[in-house]
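Chemist: Okay, predicted coordinates and the sequence, questions at the end:
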Protein chains: 2
Amino acid sequence: MPFSFTVKERDKRSSARAGLIHTPHGDIPTPAFMPVGTQATVKTLTPDELKELGANIILANTYHLYLRPGDDLIARMGGLHTFMGWDGPILTDSGGFQVFSLQHLRQVSDEGVVFRSHLDGSEHVFSPEKVISIQENLGADIIMVLDECAVPDDRHYMEAALRRTHLWAERCRAAHTRTDQALFGIVQGGIFPDLRRQSARVLADLDFPGYGIGGLSVGESKEDMLRMLEIVVPLLPDDKPRYLMGVGSPEDLFESVARGVDQFDCVLPTRLARNGAVFTHSGRVNLRNARFAEDPIPIEEECQCYTCQRFTRAYLHHLLKAREILGLRLNSIHNLHFLLELMRQIRHSILESSFVDHKERFLASYRVVDPAVRALRRASHGRGKRSRRENDLP
Amino acid sequence: MPFSFTVKERDKRSSARAGLIHTPHGDIPTPAFMPVGTQATVKTLTPDELKELGANIILANTYHLYLRPGDDLIARMGGLHTFMGWDGPILTDSGGFQVFSLQHLRQVSDEGVVFRSHLDGSEHVFSPEKVISIQENLGADIIMVLDECAVPDDRHYMEAALRRTHLWAERCRAAHTRTDQALFGIVQGGIFPDLRRQSARVLADLDFPGYGIGGLSVGESKEDMLRMLEIVVPLLPDDKPRYLMGVGSPEDLFESVARGVDQFDCVLPTRLARNGAVFTHSGRVNLRNARFAEDPIPIEEECQCYTCQRFTRAYLHHLLKAREILGLRLNSIHNLHFLLELMRQIRHSILESSFVDHKERFLASYRVVDPAVRALRRASHGRGKRSRRENDLP
């Protein structure tokens, strides 16, 4: 069987579960965090470093690879695994999120979406059939249906977009031919409980081997996001993996696992790293800050990552101030290790029936970035609400 | 003995020799190429990658580290080896070359040179005593005297500069206190045979444990450079290592070894790498070129470097076009491997008494970049004659 999912253990005090996804390129213990390799590379890192970090699956972006170097070229080079030298599982998104992030550049109809390349302005069309064909060329183990990512709080637009999303899901399923790939549906519906319920039911009826939950973590409040998870998850088949797209931060991972999510992806660890910010168990810190200039200890003394085993905060501070690439690499290694290790510990705690205690202990000492501060920072970087899964060059 | 040099074998058909430098942080088989780690990092690479590449010594720049993060800070952090996590031998230059590359920013007198930081415009003074004190703070195994890098073909200026260079060499020797560091003198004299002879004799009389040959590879012709080596090398003590500063290219390494040089440093392999250019045994090629877009083979099929063992030209081309950092890393690994392996083969051929044949075989198939083309390219990058050892951010 090319793809399967088994629940190994269920938490008694929450909806958390520990499972195992089987794919043609290897198994993925869940809950799982998937590092993002937008352009066929997890930024700054080699495939071997990802292996060492314990990444069991990575994500790549259909929109970017379609435009450059092209899915046909990647197919001729033996597919994405061979092209980028990563022999583990890969998931590709459908490109829908990226295309709908291109403001002023799209025309949407039931047929598909017309957009212009951010590289050269050339015009392109994504239809359900087209994105399946592209993803079959790329050859990932898990591929995604084309969905319309509408503004989360515009009810009128959301209804029309949701109808199209469901139509497209069916057409994607019909167009999909490669039996070695698992095609996941995507639940949409913004922050409207009735639309989310409707979407979960429609998608569940289409009987996909797994389900993305899209259109969240795009600017709505954390409370809204978690509320939508509580509505959607119980309506999805219990024996299929649930993938919350574009999440996230340590606190979001804990809260979403508690609500029954199995898979995550986010550029946060690698993008933060390139901005100088690193995760610690007491919260995020920015190593560019002058207080680290002579700090002779690692980012975290107990951390087992390569960066913490070998280098001080003072050296990392110097590399960042001197704009040296090694600083971006070392921070990326630490941040990915932090999230991957977090997920390993979460899974372990579910298997040991101590997940809720573990979650409470972690969140008690982890200082979350204030949402208002975050919004301000985002605005000052000229980034819109929907930037979290776009190509993330600094 | 903290520092020693032994000649192991002399070539009978040239002045090439194979030797061994002993330092407190390890031995260096010669002839040796020293990768440049200007700001306490060989750009894009970790110390462990340098070890894997077989680098036996690296270079760091006094000027850059003095300005940022500061030699006092590095001393408080345990010295440069500890700060950057490299436990092998290090050589620091004196900063003279960099300071004299700062056009319009210096005042020179016998006392020293006044200059402004390229970072913030602040005013600083380098005197012989000051650069020794900085280098003692950094703690490299081999350190260099302060020299004045004059325009190579301005006779009048060169005479004055040479007098100061000799005065400064003596003052550096007097100021140097750390017995675990070897202080090398630097021969100057531009392209004037009599001045080069005079400089070599003055420096040889000062009895340094090793000798830099400076002021070459700064814009003069290859013929002039080799002619100067032929004049200088025979006048230097036979039992001391000779270090040709800022060289170089594969062809220059061969020709200089043939004339008795033991050590080299150059940013060429790492800077070329970041511009997309890689060494092959038939010459340099630029992987950004469209003809590599679908090329399914490694840079060189027989190459044993990590990059060639794992990735195709097509993937490297994609990474470079997509401006992905991994491309810069993988090219840097290949280019450094190419030069370090070249030096290992050169040493082997000297020990096997086949150096001249080996050199002729290599140069027969290696297409050298035309000097006129190179000068044009350099001008089009807005770089002056003296850029080869400056901080080399792309």
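Modeler: Structure received.
Chemist: what does the model give A:Pro394 for pLDDT?
Modeler: A:Pro394 is assigned a pLDDT of 31 by the prediction.
Chemist: Can you pull out the low-pLDDT segments for the stretch 151-300 of chain A?
Modeler: In the predicted model, the stretch 151-300 of chain A carries no residue with pLDDT under 70.
Chemist: residues from chain A in reach of chain B?
Modeler: Residues of chain A lying close to chain B by Cβ under 8 Å from any Cβ of the partner chain are A:39-41, A:43-48, A:64, A:68-69, A:73, A:76-77, A:83-85, A:293-294, A:296, A:306, A:310-312, A:314-315, A:317-319, A:321-326, A:328-330, A:393. Backbone N, C-alpha and C define where each C-beta goes, glycine included.
Chemist: quick one: which of those sit in helices?
Modeler: A:47-48, A:64, A:73, A:76, A:83-84, A:306, A:310, A:314-315, A:317-319, A:321, A:325-326, A:328-330 (DSSP state H).
Chemist: Domain map for chain A?
Modeler: A:4-267+A:374-389, A:273-366 (automatic domain parsing).
Chemist: wait, which of the ones you listed is closest to B:Val233?
Modeler: domain A:273-366 (35.7 Å; Cβ to Cβ).
Chemist: Regarding the closest one, how distant is the last residue from the first?
Modeler: 18 Å (Cα to Cα, to the nearest Å).
Chemist: got it, and stretch A:97-116?
Modeler: With Cα to Cα, one end of stretch A:97-116 sits 14 Å from the other.
Chemist: which parts of that stretch are buried?
Modeler: In terms of neighbour count (16 or more other Cβ atoms under 10 Å in any protein chain shown), stretch A:97-116 has its buried residues at A:97-102, A:105, A:108, A:112-115.
Chemist: repeat for stretch A:336-349
Modeler: Quick answer for stretch A:336-349 (16+ other Cβ under 10 Å): A:336-344, A:346-347, A:349.
Chemist: Repeat that for stretch A:135-145.
Modeler: Quick answer for stretch A:135-145 (16+ other Cβ under 10 Å): A:135-145.
Chemist: Now render the residues you listed as TSV, adding distance to A:Ala277.
Modeler: Listed next are the buried residues of stretch A:135-145 as TSV, based on distance: Cβ to Cβ, whole Å:
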residue	distance to A:Ala277
A:Gln135	32
A:Glu136	37
A:Asn137	36
A:Leu138	31
A:Gly139	34
A:Ala140	29
A:Asp141	31
A:Ile142	29
A:Ile143	32
A:Met144	29
A:Val145	33
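Chemist: Sort out which of these are in strands and list them.
Modeler: Judged by DSSP state E, the buried residues of stretch A:135-145 include A:142-144 as members of strands.
Chemist: What is the subsequent helix or strand relative to the helix or strand where A:Arg271 lies?
Modeler: Assessed by DSSP states H and E, A:Arg271 sits inside helix A:268-274. As assigned by DSSP H and E, the chain's next helix or strand after helix A:268-274 is strand A:277-280.
Chemist: ok, now which ones touch the residue in the stretch 51-200 of chain A that chain B sits nearest to?
Modeler: Residue of the stretch 51-200 of chain A nearest chain B, by Cβ to the nearest Cβ: A:Pro69 (4.6 Å). Applying Cβ atoms under 8 Å, 6 or more residues apart in numbering or on different chains to A:Pro69 gives the contacts B:293, B:314, B:317-318, B:321.
Chemist: same question, A:Met1
Modeler: Contacts of A:Met1 (Cβ under 8 Å, 6+ apart): A:His22.
Chemist: so how far is chain B from it?
Modeler: 30 Å (Cβ to the nearest Cβ, to the nearest Å).
Chemist: just A:Gly210 next, same as before
Modeler: Distance from A:Gly210 to chain B, by Cβ to the nearest Cβ: 29 Å.
Chemist: Number of residues surrounding that residue?
Modeler: For A:Gly210, the neighbour count with other Cβ atoms under 10 Å in any protein chain shown is 22.
Chemist: mind pulling up the phi and psi values for it?
Modeler: Main-chain dihedrals, A:Gly210, degrees, to the nearest 10: phi -170, psi 170.
Chemist: what's the spacing between it and A:Pro193?
Modeler: Separation of A:Gly210 from A:Pro193 (Cβ to Cβ, to the nearest Å) stands at 23 Å.
Chemist: what does A:Leu53 give?
Modeler: 38 Å.
Chemist: Looking at these two, which has the bigger crowd around it?
Modeler: Neighbours were counted for A:Leu53 and for A:Pro193 using other Cβ under 10 Å; A:Leu53 has more, 20 against 14.
Chemist: Tell me who's in contact with the closest residue to A:Leu73 other than its chain neighbours.
Modeler: What sits nearest to A:Leu73 in space, not counting adjacent residues and going by Cβ to Cβ, 6 or more residues apart in numbering or on different chains, is B:Glu294, at 6.1 Å. Applying Cβ under 8 Å, 6+ apart to B:Glu294 gives the contacts A:73, A:76-77, B:314.
Chemist: Which residues are in contact with A:Arg10?
Modeler: Taking Cβ under 8 Å, 6+ apart, one finds A:16-17, A:350 in contact with A:Arg10.
Chemist: and with 10 Å instead?
Modeler: By Cβ atoms under 10 Å, 6 or more residues apart in numbering or on different chains, the residues touching A:Arg10 are A:16-19, A:238, A:260, A:350, A:353.
Chemist: can you check A:Arg155 too?
Modeler: Applying Cβ under 10 Å, 6+ apart, the residues near A:Arg155 are A:190-192, A:194-195.
Chemist: before we move on, what about A:Tyr306?
Modeler: By Cβ under 10 Å, 6+ apart, the neighbours of A:Tyr306 are A:49, A:52-53, A:329-330, A:333-334, A:337, B:46, B:48.
Chemist: let's go with 7 Å and repeat that
Modeler: With contact taken as Cβ atoms under 7 Å, 6 or more residues apart in numbering or on different chains, A:Tyr306 is in contact with A:Ile333.
Chemist: measure it to A:Thr41 for me?
Modeler: 18 Å.
Chemist: Equivalent analysis for A:Pro237, please.
Modeler: Relative to A:Thr41, and taking Cβ to Cβ, A:Pro237 is found at 34 Å.
Chemist: Return the distance of A:Ser101 relative to A:Gly246.
Modeler: From A:Ser101 to A:Gly246 the distance is 11 Å (Cβ to Cβ).
Chemist: oh sorry, the question was meant for A:Glu148
Modeler: 15 Å.
Chemist: Now a ChimeraX select for only the buried ones of the residues of chain A next to chain B.
Modeler: Selection of buried members from the residues of chain A next to chain B for ChimeraX, criterion 16+ other Cβ under 10 Å:
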select /A:39,40,41,43,44,45,46,47,64,69,73,77,83,84,85,293,306,311,312,314,315,317,318,319,321,322,324,325,326,328,329,330
